[in-house]
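# need a 3D model of the sequence below.
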Amino acid sequence: MTSAADSQQPERYEVFNRDRTIGVSTAAGGAVNGLFLHENVRQLNERALTREILAVASVASMRGRLAVRECMEAAAAANGTTVPASAYDVLPDAPTAEQYEQYKRETLRY
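Okay, the predicted model is just below:
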């Protein structure tokens, strides 16, 4: 059960690398709204750190875009309908759950 204060907060999706040293949070839609760096990232050179941050951010952004698709599908299901195919023409970057999981495995090597 959520309180009124919880329902006021926008959805937030967090993704971490395997070592949990880099994390990125996004809002629904994929906009990045937070970054976590553990002190252990100091051991990485700038290129490796940048590459890892961008990899985690791309997966987190994709998760935020997936949230838009899930919201549309849930709203349609609640109304007893389906999402029209033309809606996905407007949102070509909204991945399926399977596409998201595959991208996550390939990018973060889970």
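# so where's the protein uncertain?
Residue ranges of the chain with pLDDT under 70: 1-10.
# what residues are up against the closest residue to residue 49 other than its chain neighbours?
Nearest residue to residue 49, sequence neighbours excluded (C-beta to C-beta, 6 or more residues apart in numbering): residue 41, at 5.7 Å. Yep, even glycine has a C-beta here, placed from its N, CA and C like the rest. Counting by C-beta atoms under 8 Å, 6 or more residues apart in numbering, residue 41 touches 21, 22, 49, 52.
# which of those residues tops the neighbour count?
The most crowded member of the contacts of residue 41, judged by other C-beta atoms under 10 Å, is residue 22 (24 neighbours).
# for it, what are phi and psi?
For residue 22, the backbone dihedrals (degrees, to the nearest 10) come out as phi -130, psi 130.
# show the contacting residues for it.
16, 35, 36, 37, 38, 41, 49, 52, 53, 56.
# any idea what the second one is bridged to?
Residues in a beta bridge with residue 35, per DSSP bridges, are residue 24.
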